[in-house]
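Visitor: Provided below are the primary sequence and the corresponding predicted coordinates.
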Amino acid sequence: MLRTQISLSTWMQERSMKWLVLLGLVSISECIVKIPLRRVKTMRKTLSEKNMLNNFPKEHAYRLSQISFRGSNLTIHPLRNTKDLVYLGNITIGTPPQKFQVVFDTGSSDLWVPSDFCAIQACSIHARFRHLQSSTFRPTSKTFSITYGCGTVKGIVVHDTVRIGDLVSTDQPFGLSTAEYGFKRIPFDGVLGLNYPNISYSGAIPIFDKLKNEGAISEPVFAFYLSKDGQEGSVVMFGGVDHRYYKGEINWVPLIQAGNWMVHMDRISIERKVIACSGGCHAIVDTGTAFIKGPKSLVDNMQKLIGARPRGSKYCVSCSAVNTLPTIIFTINRINYPVPGRAYIIKDSRGRCYTTFKENQLSPSTEIWILGEVFLRLYFSVFDRGNDRIGLAQAV
């Protein structure tokens, strides 16, 4: 088998890249993919026009008991909670396997890790894929560029064997970064995107889709349980749902349109008073975002209502008042999802308590909120590609 060192080095020398100029670095909590939005007739509107919305969850319900038994083809993969700000899981790439810590991100679709020919410091402090040490590596001439809220990743698309626990995807296309801007202080090596393939920046088939198409996953679903207060026990599961991680029933919400993990949200309220999303809005359920994000004016009003005061780029409250803060209720598909004060306040390394509501980086004409890990620590989440819907249930 012809080794690829010559072709890769020649291609890298000849290929010119146009780098983005970044205005500055922000924290990992700002790392959200900027997805172009376009106005279409939504799935929810279509169902409503046909008087099908009320029956949708019943008619499209999985018989979860059939795919949730311990003996079923269910892969449960551990995640590490890093200060309630990011959840990391291990994957391996190549033959023999090389280990990487990645964010399992429902806000993006691409898998990428640093390459060994990335000389930027952001790459050097993370694990880098050494392609010459893998006998199953295969290069391509494709390039990719992804812009996150915290910076930009650019590189090349390659193929190799990727493993998530006992799930194996051979000849999986993924990105090798040759330059990373804004990722110097992040605790992870790369990102494993779990969104739909149509928003892939690299054009590569996402690993979940490839595993699904090859029959490696029993059902086209995956789910997250995110632990609280830095505790262990967080998991992502593929191919089914383990009932031990949630209480009660799973409430299903149809996506606004197939192709993005976005749903319709009815309203946001405090003590029965609507404070945002008054006419209904959109909500992105995003495991790659730490906070709850919304339009600046509405977030600023929310900070004011809970008595938070600005301190630099953060909004702080007295730590002694956390248990008396009002519960904020997010109503989705007529179901209330309360988020109490103790859930939306985080204490930093200096012992200061600050809120987890942030301005989002999106600026569309439609009101959009991003429900990140603050929300998902409270609610077990199921992402159902087979029926284009999201399931939410109270986490244990």
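Guide: Sure thing, it's come through.
Visitor: what's the next secondary structure element after the helix or strand harbouring His159?
Guide: Using DSSP states H and E, His159 falls within strand 151-164. Going down the chain from strand 151-164, the next helix or strand is strand 167-181, by DSSP H and E.
Visitor: and the angle from that next one to strand 151-164?
Guide: Angle, strand 167-181 to strand 151-164, by axes from the mean of the first three to the mean of the last three Cα atoms, to 10 degrees: 160 degrees.
Visitor: what is strand 167-181 packed up against?
Guide: Under the contact definition 3 or more Cβ pairs under 8 Å, 6 or more residues apart in numbering; DSSP states H and E, strand 167-181 sits against strand 111-114, helix 121-124, strand 138-148, strand 151-164, helix 207-213. Placement of C-beta: from N, CA and C, glycine included.
Visitor: can you show me the helices along the protein?
Guide: When assigned using DSSP state H, the helices of the chain occupy the ranges 5-14, 43-49, 56-59, 121-124, 207-213, 296-305, 341-344, 373-376.
Visitor: re the thing from before, looking at the helices and strands packed on strand 167-181, which is nearest to Val339?
Guide: Taking Cβ to Cβ as the criterion, strand 138-148 is the member of these that comes nearest to Val339, at 24.9 Å.
Visitor: quick one: strands adjacent to the strand holding His159?
Guide: When sheet partners are counted by DSSP bridges, strand 151-164 sits next to strand 86-93 (antiparallel), strand 138-148 (antiparallel), strand 167-181 (antiparallel).
Visitor: I'd like the helices and strands packed on strand 167-181 as JSON lines, with mean neighbour count appended.
Guide: Supplementary listing: those in JSON lines, determined by neighbours: other Cβ atoms under 10 Å:
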{"stretch": "strand 111-114", "mean neighbour count": "28"}
{"stretch": "helix 121-124", "mean neighbour count": "16"}
{"stretch": "strand 138-148", "mean neighbour count": "16"}
{"stretch": "strand 151-164", "mean neighbour count": "21"}
{"stretch": "helix 207-213", "mean neighbour count": "21"}
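Visitor: comparing those by mean pLDDT, which bottoms out?
Guide: For the helices and strands packed on strand 167-181, the bottom mean pLDDT is recorded on helix 121-124, which sits at a mean of 85.
Visitor: what about it, distance to the chain center?
Guide: 23 Å (Cα atoms, centre = their mean, to the nearest Å).
Visitor: may I have it as CSV, with CA atoms only?
Guide: Below are the C-alpha coordinates for helix 121-124, written out as CSV (Å, rounded to 0.1, in the frame of the first residue of the first chain):
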residue,chain,number,x,y,z
GLN,A,121,-0.1,26.4,19.5
ALA,A,122,-3.8,25.6,19.8
CYS,A,123,-3.0,22.2,18.1
SER,A,124,0.2,21.5,19.9
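Visitor: and Phe380, which of the strands paired with strand 151-164 is closest to it?
Guide: Taking Cβ to Cβ, strand 86-93 is the member of the strands paired with strand 151-164 nearest to Phe380, at 13.7 Å.
Visitor: any idea how far the closest one is from the chain center?
Guide: The gap between the average C-alpha position of strand 86-93 and the chain average comes to 13 Å, counting by Cα atoms, centre = their mean.
Visitor: now what about that strand, what contacts it?
Guide: Contacts made with strand 86-93 from outside it, assessed by Cβ atoms under 8 Å, 6 or more residues apart in numbering, are listed as 28, 77-82, 98-104, 113, 129, 134, 160-164, 174, 186-188, 192, 226, 234, 236, 287, 290, 373.
Visitor: so for it, mean pLDDT?
Guide: On average, strand 86-93 scores 96.
Visitor: number of residues surrounding Ile199?
Guide: A count of neighbours around Ile199, defined by other Cβ atoms under 10 Å, yields 17.
Visitor: pretty sure it sits against Ala258.
Guide: No - with contact defined as Cβ atoms under 8 Å, Ile199 does not reach Ala258; the gap is 11.6 Å.
Visitor: sorry, back to before: now render the helices and strands packed on strand 167-181 as a markdown table, adding distance to Arg272.
Guide: As requested, the helices and strands packed on strand 167-181 are exported to a markdown table (distance: least, Cβ to Cβ, whole Å):
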| stretch | distance to Arg272 |
| --- | --- |
| strand 111-114 | 44 |
| helix 121-124 | 47 |
| strand 138-148 | 37 |
| strand 151-164 | 41 |
| helix 207-213 | 40 |
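Visitor: picking up where we left off before, turn the strands paired with strand 151-164 into JSON lines, columns for distance to Met262.
Guide: Output for those, formatted as JSON lines (distance: least, Cβ to Cβ, whole Å):
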{"stretch": "strand 86-93", "distance to Met262": "21"}
{"stretch": "strand 138-148", "distance to Met262": "18"}
{"stretch": "strand 167-181", "distance to Met262": "24"}
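Visitor: got a list of what Gly193 touches?
Guide: For Gly193, the contacting residues are 105-111, 200, 206, by Cβ under 8 Å, 6+ apart.
Visitor: most neighbours, which of those?
Guide: Neighbours were tallied for each of those (criterion: other Cβ under 10 Å), and the maximum of 29 neighbours falls on Ser109.
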